[in-house]
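# Here is a sequence with its predicted model. Questions after.
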Amino acid sequence: MVLCPVIGKLQHKRVVLASASPRRQEILSNAGLRFEVVPSRFKEKLHKASFATPYAYAVETAKQKALEVAGRMHQKDLRAPDVVIGADTIVAVGAMILEKPVDKQDAYRMLSRLNGKEHSVFTGVAIVHCCSKDGRLDTEVSEFYEETTVKFSELSEELLWEYINSGEPMDKAGGYGIQALGGMLVEYVHGDFLNVVGFPLNHFCKELARLYYPPRPADLRRVRHDSIPAVDTFENLSDSEAGGADPGQSAKGGRGGEQADGDRSQAPRALDAALNGADSRPRFPTGLLELMDGFKASKVLFTACKLKLFDVLKDQGPLQAVDVARKLSTCAGRTEQLLDVCAALGLLEKTRRGYSNTEVATLHLVSDGEHSLQGVAEYNDAHVWGVFTRLGLAVREGAEQTRGALGAMEEERLSQSRELTLQFMRAKHSLSKLTAHHVATAFDLSRFASACDLGGCTGILARELAQEYPRLQVTVFDLPEVTELSGGFQRGGRQTERIRFVPGDFFKDSLPEADLYVLSRMLQDWPDDKLHKLLSRISSSCKPGGGLLVAEAAAEEEGASQSPRLRTLSAGQPRSPDEHRRLLQRHGFQDVRVARAGDLLCVVLGTRAAP
Ligand SMILES: O=c1[nH]cc([C@@H]2O[C@H](COP(=O)(O)OP(=O)(O)OP(=O)(O)O)[C@@H](O)[C@H]2O)c(=O)[nH]1
C-alpha cells in the first residue's frame, strides 16, 4: 500500500495518541497506525491573546497536550513511549478563536458567528519523540498545523436550534461536526476535510516523510521547486534515503509549521525524480531486503508458538506485556518486544487493554484449533531450520538437502527419532487439513471402489476421501514408523471403518492393490530419478482403467513470478499443467485432466491406459 512505508516507520515504535477525540483515533487507525490512546490532562487554557496567530495557539496547545502525556507516562513507568502525538483543533473567525462550546448558549453564539460566512479551521499537531536518559525524559518535538476554509450557508434560527438540540455541537470545535449533521450547514470546504474533523492526515504523513526521509545533500543541490512530496510518492522512499539520520535530529529545535514550510523547497528524491524525469539510480530493493530479513520474522513466529503465547492470549487475552511475561515466566522487557513484533507482523492486536490474537492467530496459531498450524511452526523451527542452515554445505557437496523443505523433511525423518517423526506428522497433518477437502473434490472419483494414498501419513486425506465417496475403501500406505504412530491422530467416526493403514516403503515394497493411487504433495520434492522410479512403480501396479491422482503446489499463472508462499513449501519448481500432463503420459496414463484446488494446489487425474 502506498502509505505503508511512511506509516510503517512508526510500526515498531510504541506510539501514543494523546487525545480523547474518537475522530482522531478513527482517522489514525484507519490509516493503519497502531497506537495506544492516553488522553491528555493538559487544560486548554493558554492565554490566547499572547499568540500572534490562531494557529500558533493550536500548535502550542497540541504540543502541551503531548508533552503532558509523555511526562506522565515517563513518571509512571520510568519509561516513556517512543512517540506521542498531540493535536488541537480550533475554529478562527478573524482573530477570534472558537473551541468547544461549554453549553447550548455558547454553541448558539458560535454558530451564529459562523452563519453565512467563511471561517478557518486550524489543527495544530505535535509529534513528540521521547527517550529516557539516566532516568530523565528527553523529548524532541516536531510540530505543524493545517488550515482549511469552510463556508456556512445562511441558516435560520430554527435550524440552528434544531442542530444545537441534537447534542452534536458540544464536543466539537466551533460547535459543529462536519462529518455528521453539521455537514448540512456547510456550503463549501477548501482544503483537507479530515483537518476539520480533527486530524490532518495528509500533512501528518508528509511530516513523517520529512522526519524519517530527510533529503540527501545531492537532492538538495538538484531541487528546483517549492513542494513537499505528494502522498503517492512515499512508495518510492526508503530507509536508505534516510541517510542514517534519526528523526530526533531532524526534529531538533522543535521545527514549527512555518519552519517545516520553509523546508518545502527540499523536495525528497522520489518527487524530484518524478518531476525531473528519469533517475539514474536504481530503485530501492525493498523486496530483496525483506527477503534478507525474512528469517527473523519466521523465528519470531516460531518462538511465539513455542512459548504458547497465542494459547495464553486465546484463553486470557487481552493482556498487558507484564501479565503475559508472568504467565509465560519470561523476561518482561523482552516479552514486550516479542509482543510488539508479533503485532507488527499482524499476528497480534495491540490496544489500550493489552495484546490479543488477531483472527489469523486465533485460527491457525492456537495449538488446539481445528485449523492450527502450530505443528508446522514447531517442525520448521525444530528441524527444517537446521536443515536449511546446512544448505551451503549441501550445495557444495551435492547432498540432497537442497531439494527443499518438504524433501528435506521427508528425507531426514527416515532416520530420526520418534519425537521427530511425530513432529513431522503433526506438521503434515495440519497442512493436509487445509488441503484435503480440495484434493478429494477436485474431480468426481465415484467410479473408483478403492484408493491407496501413498505417503498418506496420518490419514487426513483418506478420511476426506472416505467421507466424500461412501463406497470407497481407502488404504494409507506409509513407512512403518509413521503408521505405528498414526493412531494418535484418529478421531473415530463411521468412515474410519473403510480406512486401513498399511506399513511399507513405496520405493521398495509392493504397493497395495487399488483402483486409484493418490500422491498428495509428494512429487515436487523428489529428485528426478526417484520421481520417475515412484511413478513407474505406480504405473506397474495400476490396472488399466485405474487412476492416478496427483496433488502438487500450483505454479503461478503463465508469466507471473512464483509466489513466495510456495517457495516456503518447497525449493522445487512447481510444474505447469502441461508438464504434469506430460509426466503422467510418460508413465502410461492418458486422459490427463488438471484442476486448480484452492489457491495453493494443482490436482491432476490420469487414467491408466492398457499396456
Ligand atoms: O467538524 C468537526 N470539527 C471538530 C470536531 C472535533 O472537535 C474536537 C476539537 O477539540 P480538541 O482539539 O480540543 O480535542 P478533544 O476532542 O478535546 O480531544 P483532546 O483529548 O485531543 O483534547 C475534536 O475532537 C474534533 O474531532 C469534529 O468532530 N468535527
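Done, it's in. Since the structure is predicted, the reported quantities are computational estimates derived from the model, not experimental observations.
# Please count neighbours and contacts with C-alpha atoms only from this point.
Will do.
# From Ser356, how far off is Gln473?
44 Å (C-alpha to C-alpha, to the nearest Å).
# And those two? Which one has more around it.
Using other C-alpha atoms under 10 Å as the criterion, Gln473 and Ser356 rank with Ser356 on top: 26 against 22.
# The more buried one: which element?
strand 354-357 (DSSP states H and E).
# what's the spacing between that strand and its chain's center?
Remark: strand 354-357 is offset 15 Å from the chain centroid, using C-alpha atoms, centre = their mean, to the nearest Å.
# Buried residues in the helix or strand that it is followed by, which are they?
The element immediately downstream of strand 354-357 (helix or strand, assigned by DSSP H and E) is helix 359-364. The neighbour-count check on helix 359-364 (16 or more other C-alpha atoms under 10 Å) flags Ala361, Thr362, Leu363, His364 as buried.
# Go ahead and confirm the second one touches Val312.
To tie it back to what came earlier, the one meant is Thr362. No: using C-alpha atoms under 8 Å, Thr362 is not in contact with Val312; the gap is 11.1 Å.
# Need the residue closest to the centroid of this structure.
In the chain, the residue lying closest to the centroid (C-alpha atoms, centre = their mean) is Gly346, at 4.1 Å.
# Am I right that it falls within a helix?
No: going by DSSP: H, G, I helix; E, B strand; the rest coil, the assignment for Gly346 is coil, not a helix.
# need the contact list for the residue nearest to it when sequence neighbours are not counted.
Nearest non-adjacent residue to Gly346, counting by C-alpha to C-alpha, 6 or more residues apart in numbering: Thr358, 7.0 Å away. Each residue near Thr358 by C-alpha atoms under 8 Å, 6 or more residues apart in numbering is listed here: Gly346, Leu347, Leu348, Glu349.
# Out of the residues you listed, the closest to Ser153 would be?
Glu349 (43.5 Å; C-alpha to C-alpha).
# On the three-state scheme, the closest one is what?
Glu349 ends up strand, using three-state DSSP.
# and if you look at Ala440?
helix.
# Mind listing what's buried along stretch 24-35?
Arg24, Gln25, Ile27, Leu28, Leu33, Arg34, Phe35.
# The ligand next: which of those residues are close?
Arg24 (C-alpha under 6 Å from any ligand atom).
# Could you single out the nearest of the buried residues of stretch 24-35 to the ligand?
The ligand has its nearest neighbour among the buried residues of stretch 24-35 in Arg24, at 5.9 Å by C-alpha to the nearest ligand atom.
# hang on, the closest one packs against Gly198?
Yes: with contacts defined as C-alpha under 8 Å, Arg24 counts as touching Gly198 at a distance of 5.9 Å.
# Residues of this protein that sit close to the ligand?
So far as C-alpha under 6 Å from any ligand atom goes, the chain lies against the ligand at 19-21, 23-24, 39-40, 87-89, 171-173, 176-179, 196-198.
# quick one: which of the residues you listed sit in helices?
Arg23, Arg24, Val196, Val197 (DSSP state H).
# Pretty sure Thr475 sits in a strand.
Yes: inclusion of Thr475 in a strand is indicated when three-state DSSP is applied.
# so how many other residues sit close to it?
24.
# That one and Pro200, how far apart?
Counting by C-alpha to C-alpha - Thr475 and Pro200 are separated by 64 Å.
# do the same with His74
27 Å.
# Compare these two and say which is more crowded by neighbours.
Pro200 (28 against 20).
# who's in contact with the more buried one?
When contacts are counted by C-alpha under 8 Å, 6+ apart, Pro200 touches Thr123, Glu146, Asp192, Phe193, Leu194.
# One more pass at 6 Å, please.
Leu194 (C-alpha atoms under 6 Å, 6 or more residues apart in numbering).
# What residues are bridge-paired with Arg596?
Cys602 (DSSP bridges).
# Next one: it, what pLDDT does it get?
Listed pLDDT for Arg596 reads 81.
# from memory it sits against Pro577, does it?
No: Arg596 is beyond contact range of Pro577, at 9.4 Å (criterion: C-alpha atoms under 6 Å).
# contacting residues around stretch 460-475?
Ala436, Ala440, Ala449, Ser450, Ala451, Cys452, Gln495, Arg498, Ile499, Arg500, Phe501.
# Which of those residues sits closest to the ligand?
Distances from the ligand to the contacts of stretch 460-475, taken by C-alpha to the nearest ligand atom, are shortest for Ala436, at 50.5 Å.
# Whichever residue of the stretch 201-350 of the chain sits closest to the ligand and Arg23: what is the separation?
Nearest residue of the stretch 201-350 of the chain to the ligand (C-alpha to the nearest ligand atom) works out as Leu201 at 12.5 Å. For Leu201, the distance to Arg23 equals 12 Å [C-alpha to C-alpha].
# These two: who's more crowded?
Remark: of Leu201 and Arg23, Leu201 carries more neighbours, 18 against 15, as counted by other C-alpha under 10 Å.
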